[in-house]
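# one predicted model, sequence on top.
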Amino acid sequence: LDVLFPKDQFARVIAHPQRVTDTSTPKRMKDVVFPNPDDKRLLLAVGPEGGWEEPGELDRFQELGFQQITLGTRVLRSDVAVVSLLSLGNEVCQE
């Protein structure tokens, strides 16, 4: 992962509905922090319908430097989530 998508060049993002135990404000695509604001690159992990396994998979992604974002409280089909996330990702990378 670090060879193909180095942390100092790519913002690593995982999409998942907000954890039920997480009381913090949900993070959106516009809140993603890029390591190089002048050359925005994004690695996006989209899981199965219903989201990633909690806590195992989510914790592993966090250990690998992924920032968790959400599209809201609705659980979307994977194909719909991918299109939505690519559109949002393109928008933040163009800013």
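Sure thing, it's come through.
# low pLDDT regions in the chain?
Within the chain, the stretches with pLDDT under 70 are 19-20.
# what secondary structure does N36 sit in?
coil (DSSP: H, G, I helix; E, B strand; the rest coil).
# so what's it closest to, chain neighbours aside?
Computed as C-beta to C-beta, 6 or more residues apart in numbering, the closest residue to N36 that is not its neighbour in sequence is Q9, at 6.7 Å. Backbone N, C-alpha and C define where each C-beta goes, glycine included.
# same question, E57
E57 sits nearest to G47 (C-beta to C-beta, 6+ apart), 7.4 Å away.
# that neighbour contacts A15, doesn't it?
Yes: in this structure, G47 is within contact of A15 by C-beta atoms under 8 Å, at 7.2 Å.
# more crowded one of those two?
Counted by other C-beta atoms under 10 Å, G47 and A15 do not tie: A15 has more neighbours, with 24 against 17.
# doesn't F66 make contact with the more buried one?
No: A15 lies out of contact with F66 (C-beta under 8 Å); the separation is 9.8 Å.
# what about L71, neighbour count?
Residues within reach of L71, counting by other C-beta under 10 Å, total 19.
# so which strand or helix has the nearest residue to it once chain neighbours are set aside?
Nearest residue to L71, sequence neighbours excluded (C-beta to C-beta, 6+ apart): S84, at 6.0 Å. S84 is part of helix 78-94, with elements assigned from DSSP states H and E.
# can you check V13 too?
Going by DSSP H and E, V13 is in strand 11-15.
# adjacent strands (with direction) for that strand?
Strand 11-15 has the following strand partners under DSSP bridges: strand 42-46 (parallel), strand 67-69 (parallel).
# nearest to R77, out of the ones you listed?
strand 42-46 (10.9 Å; C-beta to C-beta).
# after the closest one, next one along is what?
As assigned by DSSP H and E, the chain's next helix or strand after strand 42-46 is helix 56-63.
# picking up where we left off before, show me what contacts the residue nearest to N36?
Neighbour list for Q9: 35-36, 39, 41 [criterion: C-beta atoms under 8 Å, 6 or more residues apart in numbering].
# tell me which element it falls in.
If you go by DSSP H and E, Q9 is not part of any helix or strand.
# please report how far it lies from R41.
Counting by C-beta to C-beta, to the nearest Å, the gap between Q9 and R41 amounts to 6 Å.
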